[in-house]
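Asker: Below are the sequence and a predicted model; questions follow.
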Amino acid sequence: MPAHIPNLLSPDQIAEYRPLIEAGNWIDGRTTAGVQASHAKHNLQLAADCENAGTVRNIILQALSANLLFRGFSLPRTIFPPMFNRYDGGMTYGAHVDNSVQVIPGSGGQMMRADLSATIFFNDPEDYEGGELELETASGTEMIKLPAGDMIIYPTTMIHCVTPVTKGSRLASFFWIQSLVADHASRTLLFSLDRAIIDLRARTEPNDPAILSLTNTYHNLVRRWCDL
Ligand SMILES: O=C(O)CCC(=O)C(=O)O
Ligand SMILES: [Fe+2]
């Protein structure tokens, strides 16, 4: 199941940083695609060494580390440095798979497993037509187009595409996450336990022994399943 993280970036942050991204150094998106994906990819990306991209990348990494919903859902071990893409009129990214293993830029060749893929929207849905992120889920196709500042995270195992933009421009950040827990089903169980504990903690005496016991169980399951 994908997760929707609302307001990862605030409207003020979007207003401040979108112009920086717009003014960055845009290049053909095919430079970073795998062999299969490069045939389907028709978009633009900010160059890896673009200074403006570096500034906004750090803001995103700070927002991710402060976001409990993101942390609980993905249990991040490694986050690929966020990149930025743009689809102008006619641009699209056809059905493709993301590489299972990615080399982390600037790391001297260190690799990470891509468990989860993420898109942060930098435009509101009214700013462009088309440009839906389409996910092939077990229960059918899901079309995603979120307000500026919101993020979608989905298992990298899913075939996906971005439908053609027919009007306006679509600006986004995208990246991958290696989770501490490789197995998606186990990670999903941990997330629902985590959410239930947070909910209980808000409604119960914090020293309630049942909360202590559930929290202990949560951490013991992470200990059992994490691949550190
Ligand atoms: O732009 C997006 O929402 C997704 C981009 C994507 O699928 C990719 O770069 O692999
Ligand atoms: Fe992709």
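Answerer: Good, I have the coordinates. Note that the structure is a prediction, hence the values are computed from the model and not measured. Ligands and ions are numbered 1, 2, ... in the order given.

Asker: tell me the domain ranges of this structure?
Answerer: 3-179, 184-225 (automatic domain parsing).

Asker: Flag every buried residue along stretch 65-81.
Answerer: Neighbour counts over stretch 65-81 (16 or more other CB atoms under 10 Å) mark 67, 69-70, 72-81 as buried. C-betas here are computed from N, CA, C, even on glycine.

Asker: Can you tell me the SS state at the residue of the chain found nearest ligand 1?
Answerer: Per CB to the nearest ligand atom, Thr119 is where the chain lies closest to ligand 1, at 3.6 Å. Recorded secondary structure, Thr119: strand (DSSP: H, G, I helix; E, B strand; the rest coil).

Asker: Tell me which residues touch it, please.
Answerer: By CB atoms under 8 Å, 6 or more residues apart in numbering, the contact set of Thr119 is 133, 144, 151-152, 172-174.

Asker: Low-confidence stretches in this structure?
Answerer: Applying pLDDT under 70 to the chain flags no residue at all.

Asker: Can I get the longest helix anywhere in it in PDB, CA atoms only?
Answerer: Using DSSP state H to define each element, the chain has its longest helix at helix 184-203. Once non-C-alpha atoms are left out, helix 184-203 reads as follows in PDB (Å, rounded to 0.1, in the frame of the first residue of the first chain):
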ATOM      1  CA  HIS A 184       7.100  -5.000   2.900                       C
ATOM      2  CA  ALA A 185       4.500  -7.100   4.800                       C
ATOM      3  CA  SER A 186       6.500  -7.000   8.000                       C
ATOM      4  CA  ARG A 187       7.100  -3.300   7.700                       C
ATOM      5  CA  THR A 188       3.400  -2.700   7.200                       C
ATOM      6  CA  LEU A 189       2.600  -4.700  10.400                       C
ATOM      7  CA  LEU A 190       5.100  -2.500  12.300                       C
ATOM      8  CA  PHE A 191       3.500   0.600  10.900                       C
ATOM      9  CA  SER A 192       0.000  -0.300  12.000                       C
ATOM     10  CA  LEU A 193       1.300  -1.200  15.500                       C
ATOM     11  CA  ASP A 194       3.300   2.100  15.700                       C
ATOM     12  CA  ARG A 195       0.200   4.100  14.700                       C
ATOM     13  CA  ALA A 196      -2.000   2.200  17.300                       C
ATOM     14  CA  ILE A 197       0.600   2.900  20.000                       C
ATOM     15  CA  ILE A 198       0.800   6.600  19.100                       C
ATOM     16  CA  ASP A 199      -3.000   6.800  19.100                       C
ATOM     17  CA  LEU A 200      -3.300   5.000  22.500                       C
ATOM     18  CA  ARG A 201      -0.600   7.200  24.000                       C
ATOM     19  CA  ALA A 202      -2.600  10.300  23.100                       C
ATOM     20  CA  ARG A 203      -5.700   9.000  24.800                       C
END
